[in-house]
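Q: Here is a sequence with its predicted model. Questions after.
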Amino acid sequence: MPKKSVSIYDIAQLAGVSTATVSNVLNNKGSFSQKTRDLVLRIAREQGYVANFAAKSLREASTKTIALLTPDVSNDFFATIVLKVEGRLRTAGYASYICNTANDHEREDEYVRDLISKQVDGIVYIGGATRRPINATADLPVVHIDHTGSTGMAREVYVGNDMGALAYDMTKTLLAHGCTRVALASVSASLYRSEEHDQAAGYYACLAEMGIAVDQSLILEGPHRQTSLIEAEQLVGECLDAGHRFDGVVALGDRVALGVVNALKARGVAVGHDVRVIGMDNSIYSRISSPAISTVRRNTDVMAERAVKALLAMLRDEKIAETSIVVPHEVIERETTLGEEHAPA
């Protein structure tokens, strides 16, 4: 005979408390003592209690699940945000579906349609860009972290850095060290050649402010068909082999910056002296590189905190005061801009 499933009524009887108290403990809501919480959870574990999420979802019109979509889970910056958002959501009582879209818009659309059919309560996009709205009747809260584009949903919040200001500060850092021919290196599925793009606009604006003309031969853009490091290394190598010269590189990503450094070192260029390089994200790549790569701290803790706070507020049907949340950034200089003898210990 199959074993009878354990209900909250059984747990309440064994714990000597009301079913309402058991429900509050299991759903982490309401008020109860730590002693009562420990007792109820211990009995639930011992009895093998499994929540009936299907029935609960019907009652509460909520599955307590959130979709997290990112274009590249191997990207240290994106992965860090995914982990921080997932942890905060778990603390708030939500489970997460983590989906890697591989910069494939068709795959992204398939994921979103499938997740909506699974009745997720909300969607968080982390990195990349969405090219077209979701073709669905669902009305879900959506948060974009370092992500561009719109789903077409009625409730959307954007969280990220001011990318134009960030690229401006990266460029300004190199110019402050005396660089006059600064290249822009990027590996992306979308082109940065347009001055309308935030990051390109910051680079162009800083050069213009200093009266430096843009040399299009120094705009190095890869289609992202290979890893960022390898593609950036090839871009810089091809630029140098073609006879183009530069004394600074704004690299849109630390993996891109590492590829730039590798290409320069392979040709005997003194990085941090002959050519100065700055990346962004303050990832592990910038710290383990030799020389250590100057970069931009983008405050992923703040991004995750603000994003989850906004999402939870929308899930409670609260009015959102800010739909575009700008997180501050900070330039961190290391050996690739300061030189080894002047870099911080």
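A: Perfect, I can see it now. Just so you know, these numbers come straight off a predicted model, no measurement behind them.
Q: C-alpha only now, for contacts and for neighbours.
A: Will do.
Q: Poorly predicted segments of the stretch 1-150 of the chain, please.
A: 1-4, 50-61, 135-138 (pLDDT under 70).
Q: And the strands in it?
A: For the stretch 1-150 of the chain, the strands defined by DSSP state E, counting those that start in this stretch occupy 65-70, 95-100, 122-126, 141-145.
Q: JSON lines please, covering those strands and showing mean neighbour count and distance to residue 77.
A: Formatted as JSON lines, the strands of the stretch 1-150 of the chain follow (neighbours: other C-alpha atoms under 10 Å; distance: least, C-alpha to C-alpha, whole Å):
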{"stretch": "strand 65-70", "mean neighbour count": "23", "distance to residue 77": "11"}
{"stretch": "strand 95-100", "mean neighbour count": "17", "distance to residue 77": "14"}
{"stretch": "strand 122-126", "mean neighbour count": "25", "distance to residue 77": "10"}
{"stretch": "strand 141-145", "mean neighbour count": "26", "distance to residue 77": "11"}
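Q: Export the ones you listed to TSV and append columns for distance to residue 308.
A: Output for these, formatted as TSV (distance: least, C-alpha to C-alpha, whole Å):
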stretch	distance to residue 308
strand 65-70	11
strand 95-100	12
strand 122-126	9
strand 141-145	8
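Q: where do the helices sit along the stretch 101-250 of the chain?
A: Using DSSP state H, counting those that start in this stretch, the helices assigned to the stretch 101-250 of the chain run over residues 105-117, 163-176, 198-209, 228-241.
Q: Name the residues that touch stretch 71-88?
A: The contact list for stretch 71-88, computed with C-alpha atoms under 8 Å, 6 or more residues apart in numbering, reads 68, 70, 95-96, 98, 100-104, 126-128, 281, 283-284, 300-301, 303-305, 307-308.
Q: Please point out which parts of that stretch sit buried.
A: 71-73, 75-82, 84-88 (16 or more other C-alpha atoms under 10 Å).
Q: chain center to that stretch: distance?
A: Distance, stretch centre to chain centre, for stretch 71-88: 6 Å (C-alpha atoms, centre = their mean, to the nearest Å).
Q: With stretch 148-167 instead?
A: With C-alpha atoms, centre = their mean, you get 12 Å for stretch 148-167.
Q: So for it, first residue to last residue, what's the gap.
A: 16 Å (C-alpha to C-alpha, to the nearest Å).
Q: who's in contact with residue 213?
A: residue 207.
Q: Same question for residue 212.
A: So residue 212 contacts residue 180 (C-alpha under 8 Å, 6+ apart).
Q: for residue 37, same thing?
A: residue 25.
Q: what about 10 Å?
A: 21, 22, 24, 25, 26, 28, 31 (C-alpha atoms under 10 Å, 6 or more residues apart in numbering).
Q: what do you get for residue 283?
A: Contacts of residue 283 by C-alpha under 10 Å, 6+ apart are 75, 76, 77, 80, 253, 254, 255, 293, 295, 296, 297, 298.
Q: now the second one: how far from residue 253?
A: Right, residue 76. From residue 76 to residue 253 the distance is 10 Å (C-alpha to C-alpha).
Q: which residues do those two both contact?
A: With C-alpha under 10 Å, 6+ apart, residue 76 and residue 253 have common neighbours 281, 282, 283, 285.
Q: got a markdown table for these, with distance to residue 262, secondary structure and pLDDT too?
A: Shown next, in a markdown table, are those (distance: C-alpha to C-alpha, whole Å; DSSP: H, G, I helix; E, B strand; the rest coil; pLDDT from 0 to 100):
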| residue | distance to residue 262 | secondary structure | pLDDT |
| --- | --- | --- | --- |
| 281 | 18 | coil | 95 |
| 282 | 18 | coil | 96 |
| 283 | 17 | coil | 94 |
| 285 | 12 | helix | 93 |
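Q: Let me know the closest of those to residue 207.
A: Among those, residue 281 lies closest to residue 207 (C-alpha to C-alpha), at 22.1 Å.
Q: Wait, the closest one touches residue 163, no?
A: No: look at residue 281 against residue 163 with C-alpha atoms under 10 Å: they stay out of range, at 11.7 Å.
Q: Kindly point out which residues are neighbours of both of the two.
A: Contacts common to residue 281 and residue 163, judged by C-alpha under 10 Å, 6+ apart, are residue 329.
Q: who's more crowded, those two?
A: residue 281 (23 against 18; other C-alpha atoms under 10 Å).
Q: contacting residues around that one?
A: Contacts of residue 281 (C-alpha under 10 Å, 6+ apart): 76-78, 252-255, 295-300, 329-331.
Q: out of these, who's nearest residue 312?
A: For these, the nearest to residue 312 is residue 300 (18.1 Å; C-alpha to C-alpha).
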